[in-house]
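Undergrad: Below is the sequence, then the predicted model.
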Amino acid sequence: MKLFIDLTTRRFVKSAASSAALPTLVLKRRDVLPVEVVFVQRGAAVETPAGTVTKVALKSKFSDANFLALADSGTLDLYTQPVEDLFVGSTASADALLEVRYTRTGEATRTATLQVEIQNSVILGDEGTPAAVPDGKATQAEAEAGTDNEKWMTPLRTAQAIAELAPPPTWNSVTGKPSTFPPSAHTHTASQITDFASAVVAVSPPVDWSNLTGKPSTFAPSAHTHLKSEITGLDSDLAALSSADTALGQRIDYLAANLDPAALDSIAEAAASIGSLQTQINGKAPTVHTHPASAITGLSDYIIASAPGLSIVTTTHIADGLTDTYSVSGLTSSNPSHVIVSLNGVTQNPDSDYIVNLASGTIIFDDYPATGTQIVFTALGLRSVQPPLDPTLYLYAFDTSANGLTTYSGRLLNTDRPAAPALPETATSWTIRRSTLNAAGRVIATATATGSWLNRETLTYA
């Protein structure tokens with residue numbers, strides 16, 4: 001309930017936009033009304049200044065100090081004993097006065113009053129309780145009869161009346177229906193005729209070769225040509241023939257002619273020297289597989305005789321265009337130079353084209369190899385010192401630090417070995433290269449020192 005008070009005239013008005021006085025207010029006995037006092041000035045509602053205190057009271061007359069009801073927390077509750085006392089017997093209404101007191105900051109308390117009529121709207125029974133409301137609903141029989149005009153219908157009674165007075169029609173209940181139904185002109189598709197196929201066979205049976213008249217006795221082919229693409233498997237047969245024109249023995253001879261052990265300075269140099277060989281031996285590799293050096297006829301003996309401790313494991317893949325990481329067998333180091341990588345026979349740069357992940361046994365390319373590209377990994381497994389078979393050859397050794405971020409590759413000429421029983425590791429003429437790797441396995445720095453292999457971690461590298 002909103003009460004509009006004009007701040008200028010201090011009287012109740014009908015609305016914020018109206019200056020017409022509100023003559024009286026009608027309330028219902030036992031009402032509980034939320035009260036909101038709205039102040040109006042010059043035909044518009046105004047904000048109530050901060051700190052304004054407003055009280056609303058209902059009393060019998062202006063001079064009465066006792067309230068019939070008082071608005072508490074903005075709610076005027078008329079269900080009070082003083083209000084109940086006004087209604088004795090069959091009193092229809094009672095007069096009262098609504099008083100609003102408001103105190104604005106820095107001003108005196110103001111009062112606005114309004115005549116009120118409290119109506120006795122509570123229906124009382126014999127014991128002072130609300131009397132029962134007559135039921136008034138139609139029974140099922142009344143609803144199905146459909147003749148009573150005084151009762152009211154519930155949804156259930158309405159459904160029962162419809163079912164009784166307007167049931168769903170049946171064929172027998174339909175009146176005026178024709179006795180026959182002559183078909184109108186129309187057509188059918190072949191799929192709608194159930195025996196269409198058998199009917200066609202009966203009218204026009206399939207042609208039989210033995211019953212065909214005028215057929216030739218022979219069928220001599222006329223002169224014609226075919227395109228290469230029309231001959232199934234021709235391209236793959238030509239490719240196989242092209243790749244098989246060089247025997248494996250010739251490729252091994254190529255390896256023997258190009259791998260000069262005396263020219264090897266480190267495992268990186270060995271990879272570079274064998275790179276051209278790898279291009280020659282890639283061959284056809286339709287599925288992923290590996291080969292140890294011992295499985296290549298004539299290769300293992302030459303490699304072992306030329307560089308003791310060397311082992312080669314080759315892994316081949318066919319790229320799918322969606323993957324940059326491929327498995328590789330035989331990894332012994334995270335140094336990219338310890339793996340020869342070729343794409344369609346072209347050797348890749350270990351410092352920029354790929355990295356090695358020793359923990360997962362994978363090679364990770366900087367870009368995705370194209371679909372169908374032949375990928376060949378050759379892992380060089382030089383790991384430990386072994387005695388050479390030829391005094392003119394070098395002895396090689398390789399090691400990786402515990403954290404995998406430092407690798408060592410050593411070279412010792414056989415003639416520099418100490419006399420037995422001293423081990424080759426104790427020689428002070430080892431040429432040792434130290435490589436520093438980043439977390440991805442890429443070489444970021446190298447340095448060289450000369451000294452004992454056993455002291456490789458404490459040597460001075462430059």
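TA: Yes, it's here.

Undergrad: What's the separation between Trp209 and Ser222?
TA: Trp209 is 22 Å from Ser222, where distance means CB to CB, to the nearest Å. C-betas here are computed from N, CA, C, even on glycine.

Undergrad: And for the residue nearest to Ala190 when sequence neighbours are not counted, the neighbour number?
TA: Leaving out its chain neighbours, the residue that sits closest to Ala190 by CB to CB, 6 or more residues apart in numbering is Phe196, at 5.1 Å. Phe196 has 13 neighbours, counted by other CB atoms under 10 Å.

Undergrad: just checking, Phe196 touches Thr189?
TA: No - counting by CB atoms under 8 Å, Phe196 stays clear of Thr189, with 9.4 Å between them.

Undergrad: Pull the contacting residues for His121.
TA: Small correction: residue 121 is Ser, not His. Counting by CB atoms under 8 Å, 6 or more residues apart in numbering, Ser121 touches Lys28, Arg29, Arg30.

Undergrad: can you check Phe377 too?
TA: Thr314, Thr315, Thr316, His317, Tyr326, Val328, Ser329, Val339, Ile340, Val341, Ile363 are the contacts of Phe377 under CB under 8 Å, 6+ apart.

Undergrad: and what of Ala197?
TA: Neighbours of Ala197 in contact, by CB under 8 Å, 6+ apart: none.

Undergrad: which residues of the stretch 101-250 of the chain score low on pLDDT?
TA: Along the stretch 101-250 of the chain, segments meeting pLDDT under 70 span 122-135, 201, 203-204, 220, 228, 234, 237-250.

Undergrad: All the strands of it, in order from the start?
TA: 110-119 (DSSP state E, counting those that start in this stretch).

Undergrad: All the helices of it, residue numbers only.
TA: Counting by DSSP state H, counting those that start in this stretch, the stretch 101-250 of the chain has these helices, from start to end: 140-145, 155-165, 196-203, 234-243, 248-258.

Undergrad: How about the residue most central in space within the chain: what's its closest non-neighbour residue?
TA: With distances taken as CA atoms, centre = their mean, Leu322 lies nearest the centre of the chain, 19.7 Å away. Leaving aside its chain neighbours, Leu322 sits nearest to Tyr368 (6.7 Å; criterion: CB to CB, 6+ apart).

Undergrad: ditto for Arg417
TA: Counting by CB to CB, 6+ apart, the residue nearest Arg417 is Pro424, at 5.1 Å.

Undergrad: again with Arg10
TA: Ala112 (5.2 Å).

Undergrad: Touching, the one you found and Glu99? I think so.
TA: Yes - contact criterion CB under 8 Å: Ala112 and Glu99 qualify, at 7.5 Å.

Undergrad: And the residue nearest to Arg417, how far from Asn438?
TA: 32 Å.

Undergrad: ok, these two, which is more surrounded?
TA: Taking other CB under 10 Å, Pro424 and Asn438 do not tie; Pro424 has more neighbours (19 against 12).

Undergrad: isn't that one right next to Leu412, touching?
TA: Yes - counting by CB under 8 Å, Leu412 is a contact partner of Pro424 at 6.2 Å.

Undergrad: what do those two both touch?
TA: With CB under 8 Å, 6+ apart as the test, Pro424 and Leu412 both reach Leu395, Trp453.

Undergrad: Convert stretch 349-367 to CSV, retaining C-alpha atoms only.
TA: Provided in CSV are the C-alpha atoms of stretch 349-367 (Å, rounded to 0.1, in the frame of the first residue of the first chain):
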residue,chain,number,x,y,z
ASN,A,349,70.5,-31.4,-40.3
PRO,A,350,70.7,-32.6,-36.6
ASP,A,351,71.1,-29.0,-35.3
SER,A,352,67.9,-27.6,-36.9
ASP,A,353,65.7,-30.2,-38.4
TYR,A,354,65.0,-32.6,-35.5
ILE,A,355,65.7,-33.4,-31.8
VAL,A,356,66.3,-36.7,-30.0
ASN,A,357,64.3,-37.8,-26.9
LEU,A,358,66.3,-40.7,-25.4
ALA,A,359,63.8,-41.3,-22.6
SER,A,360,60.9,-42.0,-25.0
GLY,A,361,63.0,-43.4,-27.8
THR,A,362,61.7,-41.0,-30.4
ILE,A,363,62.8,-38.4,-33.0
ILE,A,364,60.8,-35.2,-33.1
PHE,A,365,60.9,-33.1,-36.3
ASP,A,366,60.6,-29.3,-36.4
ASP,A,367,57.8,-29.7,-39.0
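
Undergrad: How far does that stretch sit from its chain's centre?
TA: 29 Å (CA atoms, centre = their mean, to the nearest Å).

Undergrad: now stretch 400-414
TA: 45 Å.

Undergrad: mind listing what's buried in that stretch?
TA: Using 16 or more other CB atoms under 10 Å as the test for burial, stretch 400-414 gives Thr400, Gly404, Thr406, Thr407, Tyr408, Ser409, Gly410, Arg411, Leu412, Leu413, Asn414.

Undergrad: Quick check: phi and psi on the last one?
TA: The phi/psi pair for Asn414 (degrees, to the nearest 10) reads phi -60, psi -30.

Undergrad: Next, work out how far apart it and Tyr394 are.
TA: 7 Å.
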